[in-house]
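Novice: This is a predicted model, with the sequence first.
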Amino acid sequence: MKAIIIDDENKARRLIITLVKEHCTEITIISEAADLESGVALIKEHQPQIVFLDIEMPGHSGLEILDFFEPGEVNFQIIFITAYNEYAVQAFKLSAVDYLLKPIDSNEFKNAVAKAQKEIEKTSINTKLDDLKKVFQQLSLNKMILEIPKGILFVSHDDIILFEADGMYTKVYMKNNDSQLICKPLRHFVDQLHEKPIFYKPHRSFLINLKYIKELSKKDGLHLIMENNKTVPIAKEKKEEFLQFIQDIF
């Protein structure tokens, strides 16, 4: 874990380094700066997890640190270390993980670092979860999940031939001649796939993948024969709409 010390007093920086070496072995790299601008440059270069920051410094107060960063750039924990207690409220408004008064008590120092470490771990977990969520969001563009008794199937949209209502269940027919009875009503899949134009609902009991239509039959009313030889009726109210689709496209 990397840390940076920003304090204009050399003696104060030496003390923090000593405390880190004696009590915080998880911190392996320490950089230091004597003013805020130099410290900000080090933060941007080394990307530390913890910043030990003095408040009263020439040029810029430590409380101005966020002025040097865009909101998304602040991915470090701040521990303010100062001789002036009146800055505490302002420090915590800046989301500081802790605020230590000089002279520094070693136990308070250890507790502050432990707090920072917990926040870092929490942030790391949240980042990993966000990254995982993005992966699944990309996956969901081309796949959907089918909840079956033994677990979950991740099925490509292209592998689904049609959905057929079966009461409060839905039977899903797939390209590999497999079928699954899913404990969801057809409406669930209609709503989930409404932005996928390849799926069409020709009848209240069916949702089909247009890619797998094999034949349009006029025997005993209008029916579609799918690639798996499943016959799908076209509802009377959908007949003209569907025939118009065919004329417009083909």
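Specialist: Arrived safely.

Novice: what's the least confident helix or strand in the protein, going by average pLDDT?
Specialist: helix 88-93 (a mean of 70; mean pLDDT, DSSP states H and E).

Novice: I'd like the next helix or strand past that one.
Specialist: strand 98-101 (DSSP states H and E).

Novice: Give the buried residues for that following strand.
Specialist: 98-100 (16 or more other CB atoms under 10 Å). (C-beta placed from N, C-alpha, C; glycine too.)

Novice: same question, stretch 87-99
Specialist: Those would be 87, 91, 96-99, for stretch 87-99 by 16+ other CB under 10 Å.

Novice: And for stretch 221-229?
Specialist: Those would be 222-224, 226, for stretch 221-229 by 16+ other CB under 10 Å.

Novice: now stretch 187-205
Specialist: 189-190, 193, 199-203.

Novice: Could you dump those residues into JSON lines and include secondary structure and distance to residue 124?
Specialist: Formatted as JSON lines, the buried residues of stretch 187-205 follow (DSSP: H, G, I helix; E, B strand; the rest coil; distance: CB to CB, whole Å):
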{"residue": "189", "secondary structure": "helix", "distance to residue 124": "37"}
{"residue": "190", "secondary structure": "helix", "distance to residue 124": "40"}
{"residue": "193", "secondary structure": "coil", "distance to residue 124": "36"}
{"residue": "199", "secondary structure": "strand", "distance to residue 124": "39"}
{"residue": "200", "secondary structure": "strand", "distance to residue 124": "45"}
{"residue": "201", "secondary structure": "strand", "distance to residue 124": "45"}
{"residue": "202", "secondary structure": "strand", "distance to residue 124": "50"}
{"residue": "203", "secondary structure": "strand", "distance to residue 124": "51"}
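
Novice: helices and strands around whichever strand or helix holds residue 41, which ones?
Specialist: Here residue 41 is covered by helix 36-46, with elements defined by DSSP H and E. Helices and strands touching helix 36-46, by 3 or more CB pairs under 8 Å, 6 or more residues apart in numbering; DSSP states H and E, are strand 2-6, strand 29-33, strand 50-53.

Novice: in it, what counts as buried?
Specialist: For helix 36-46, using 16+ other CB under 10 Å, the buried residues are 36, 39-40, 42-43.

Novice: and what of stretch 29-38?
Specialist: 30-36.

Novice: So which of the buried residues of strand 98-101 is the closest to residue 17?
Specialist: Using CB to CB, residue 100 comes nearest to residue 17 of these, at 14.9 Å.

Novice: Sketch out the low-pLDDT regions of the protein for me.
Specialist: 89, 92, 125-127, 129-130, 132, 135-136, 139-140 (pLDDT under 70).
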